[in-house]
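Asker: Please work out how this folds:
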Amino acid sequence: MESKVNFLGLGINEWLNDVLERYGITEPSPVQAEAIPHLLEGKDAIAQSQTGSGKTLAYLLPVLQQVDPERKQLQAMILAPTQELAMQIVRESERYGAERGIMTLGLIGGAAMKRQIEKLKRHPQIVVGTPGRISELINLRKLKMHLVNTLIVDEVDQVIGLGGGSDVKKIIRSTRKDRQLVFLSATVNEEILTLANREMNDLLEIGIEPDTRTSSGIEHVYFVAEERDKLEILRRVLRHYNSPRSLVFVNDTNDIAEVEAKLNHLGLSARVLYGDANKVTRSTVLSQFREGKIKVLVASDVAARGLDIEGLNLVVSLDPAFDTDHYVHRSGRTGRMGKKGVAASIITERERFIMRKFADALHIDLQEHVLKGGAVLTLEQQQEREESYRASRAEAAAARSSRPASTPSVKKEKGSSETRSTVKSDVNTESSAKSNPDSTRPTEREFKPRTSSPAAKVNPKTDKKKRKPKVDTKSKGAPKWLKEKRAASQDEK
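Answerer: Have a look, this model is predicted:
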């Protein structure tokens, strides 16, 4: 039975191995196991490794071991594409090298240059910075580059992609010819290989297979939606996976603020991270994200370069990545160091071909998922649900058609046979009445007209008493001759 390799077996000395063990790091990752022995020998190399594979320690451990703490001068320099990645490297270097007396200084854009120059007077052994700020300090003759023994360029593809290629070339040429030069990257293109072959001595390629450019712990999925429904799908995806921290990528920086506002309106705690944010703003947002005060971070590709956030289990691309390299870097923010993660993309129908291209180029299982209620299903699971539903409907219909017609039931009370026969006859009468409504109408013989009561007899004597003589109001006050004339005409009537 073969024993597993450890850091001591790779050539790491005991003091550094003890520090690693205190932090629970006992076994090297594949890229560390392959790179560390060669870098300890001082070889120039270009190492291609998936994000989150532990490549930072792959070059940082040899640098820490080769630095002489007694020499108070610059001995190693590490370049990073972003301020955040540079400061992460500074923290890692201080964690493992501080007790040895090794000083590491971060020199990044967005920070006060005067303060950085003052700190350089303390003679740090390791400097970590962004290419732009390092180039500025070289122009000011504040960095003694001829003392640098090792120059590391981390995420070299992103450094060049962000326009730092000319600064990197300038920095490389300011060092000695016999210095050690190392490139590390998740992707390697022709431009990187050309630069490496021109600037490195006896180039050593430490590579990985193309089908392992992304971590095996990442689940790759995508959802198809109309453009207007993307934010609703995003909300449901975030709710379903319920990650303590989620990173959302947006291609157009003009849309980032709108996405943030809508997510907050929907009750999801979200903040924006812009690529051109100053150091204070960027640091504040990322601190809140790490501490769990923010659950969703909305960012562009530039802003999220090199982010290493613990507990980041979900990465969502609200727009598909521009190409395979961008997809690798986006998905690489999760599933780091062997942990599980989900990389989800929300696309329109016409963007399906992009997912097929990524799956073929990266050799990954990129599956379409659908949202049904509160569940996330694969297409196969959705089809099984639909088939099961149709089958249950068919069974229910067949059961209804095979059931015999029911007759009206009569509740029979305990008693004589006369009672039972009476109930039966009533039922028969009701049923016959329903079938022949005319049978319930009365016949002519049965019909008896209602007679009116005889009129009361009139008594003439009583009637006269009751009747009062009419008073001739018209003749009242008239002349006598007029009264007689009216009386005569009345008698004639």
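
Asker: For the stretch 201-350 of the chain, which segments count as strands?
Answerer: Secondary structure of the stretch 201-350 of the chain by DSSP state E, counting those that start in this stretch: the strands cover 204-206, 218-224, 245-249, 270-273, 296-299, 312-317, 341-347.

Asker: Can you lay out those as TSV showing distance to A86 and mean neighbour count?
Answerer: No exception for glycine: its C-beta is placed from N, CA and C like everyone else's. Written out in TSV, the entries for the strands of the stretch 201-350 of the chain read as follows (distance: least, CB to CB, whole Å; neighbours: other CB atoms under 10 Å):
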stretch	distance to A86	mean neighbour count
strand 204-206	23	16
strand 218-224	25	20
strand 245-249	19	24
strand 270-273	16	21
strand 296-299	17	25
strand 312-317	19	22
strand 341-347	24	24
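
Asker: Switch those over to TSV; also include mean pLDDT and distance to I354.
Answerer: Conversion of the strands of the stretch 201-350 of the chain to TSV gives the following (pLDDT from 0 to 100; distance: least, CB to CB, whole Å):
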stretch	mean pLDDT	distance to I354
strand 204-206	90	30
strand 218-224	94	9
strand 245-249	95	14
strand 270-273	92	24
strand 296-299	94	20
strand 312-317	94	10
strand 341-347	95	7
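
Asker: which stretch among these comes nearest M77?
Answerer: Shortest distance between M77 and these, using CB to CB, is found for strand 204-206: 19.8 Å.

Asker: ok, back up a step: of all the strands of the stretch 201-350 of the chain, which one is nearest S93?
Answerer: Closest among the strands of the stretch 201-350 of the chain, using CB to CB: strand 204-206, at 21.1 Å.

Asker: List the neighbouring strands of that closest one plus their orientation.
Answerer: Sheet partners assigned to strand 204-206 using DSSP bridges are listed as strand 45-48 (parallel).

Asker: and the strand it pairs with, average pLDDT?
Answerer: The average pLDDT for strand 45-48 rounds to 92.

Asker: from the chain's centre, how far out does that strand sit?
Answerer: From the chain centre to the centre of strand 45-48 is a distance of 33 Å (CA atoms, centre = their mean, to the nearest Å).

Asker: which other residues reach stretch 20-37?
Answerer: With contacts defined as CB atoms under 8 Å, 6 or more residues apart in numbering, stretch 20-37 is touched by 4-7, 10-12, 45, 47, 49, 53-55, 57-59, 61-62, 95-96, 206, 208, 337-338.

Asker: same thing but at 7 Å, please
Answerer: With contact meaning CB atoms under 7 Å, 6 or more residues apart in numbering, stretch 20-37 is reached by 4-7, 10-12, 45, 47, 49, 53-55, 57-59, 61-62, 206.

Asker: Just the ones of these in helices?
Answerer: The helices in this structure, assigned by DSSP state H, contain 7, 10, 55, 57-59, 61-62 from these.

Asker: T175: which of those residues is nearest?
Answerer: Lowest distance from T175 to these (CB to CB) belongs to Y59, with 16.1 Å.

Asker: That closest one: neighbouring residues, count only.
Answerer: 27 (other CB atoms under 10 Å).

Asker: For the closest residue to it other than its chain neighbours, which three-state class applies?
Answerer: Among residues not flanking Y59 along the chain, I152 sits closest, at 5.1 Å (CB to CB, 6 or more residues apart in numbering). Recorded secondary structure, I152: strand (DSSP: H, G, I helix; E, B strand; the rest coil).

Asker: Contact partners for I152?
Answerer: With contacts taken as CB under 7 Å, 6+ apart, I152 has the following neighbours: 59, 63, 78-79, 182.

Asker: Any chance of those residues in CSV with distance to K170 and pLDDT as columns?
Answerer: Rendered in CSV, the data for those read as follows (distance: CB to CB, whole Å; pLDDT from 0 to 100):
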residue, distance to K170, pLDDT
Y59, 21, 96
V63, 22, 98
I78, 16, 98
L79, 11, 97
V182, 18, 97
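
Asker: can you tell me which of those lies nearest to Y274?
Answerer: The shortest separation between Y274 and any of the contacts of I152 is 22.1 Å, and it belongs to L79 (by CB to CB).

Asker: Can you report how many residues lie near that closest one?
Answerer: Counted by other CB under 10 Å, the residues lying close to L79 total 27.

Asker: Show me where this structure dips below the pLDDT cut-off.
Answerer: Within the chain, the stretches falling below the threshold (pLDDT under 70) are 1-4, 51-52, 208-213, 306, 337, 374, 379-391, 393-395, 403-478, 490-493.

Asker: domain assignment for it?
Answerer: In terms of domains, the chain is parsed into 7-208, 218-382 (source: automatic domain parsing).

Asker: Would you format these as JSON lines with distance to S489 included?
Answerer: What follows is these, written out as JSON lines (distance: least, CB to CB, whole Å):
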{"stretch": "domain 7-208", "distance to S489": "127"}
{"stretch": "domain 218-382", "distance to S489": "99"}
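
Asker: Redo the strands of the stretch 201-350 of the chain as CSV? Include distance to L193.
Answerer: Putting those into CSV (distance: least, CB to CB, whole Å) gives the following:
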stretch, distance to L193
strand 204-206, 9
strand 218-224, 27
strand 245-249, 28
strand 270-273, 32
strand 296-299, 29
strand 312-317, 28
strand 341-347, 27
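
Asker: so which of the ones you listed gets nearest N139?
Answerer: Once CB to CB is applied to those, the stretch that comes out nearest is strand 270-273, at 29.7 Å.

Asker: List the neighbouring strands of the closest one plus their orientation.
Answerer: With DSSP bridges as the criterion, the sheet partners recorded for strand 270-273 are strand 296-299 (parallel).

Asker: ok, so what distance separates R228 from T348?
Answerer: Look at R228 and T348: by CB to CB, to the nearest Å, they are 10 Å apart.

Asker: The two: which has the busier surroundings?
Answerer: Applying other CB under 10 Å to R228 and T348 shows that T348 carries more neighbours, namely 14 against 7.

Asker: wait, doesn't the more buried one sit right on D229?
Answerer: No. In this structure, T348 sits apart from D229 without contact. The criterion is CB atoms under 7 Å, and the distance is 9.6 Å.

Asker: if we can go back for a sec, which of the contacts of stretch 20-37 count as buried?
Answerer: Neighbour-count burial within the contacts of stretch 20-37 applies to 7, 10, 12, 45, 47, 49, 53-55, 57-59, 61-62, 206; the criterion is 16 or more other CB atoms under 10 Å.
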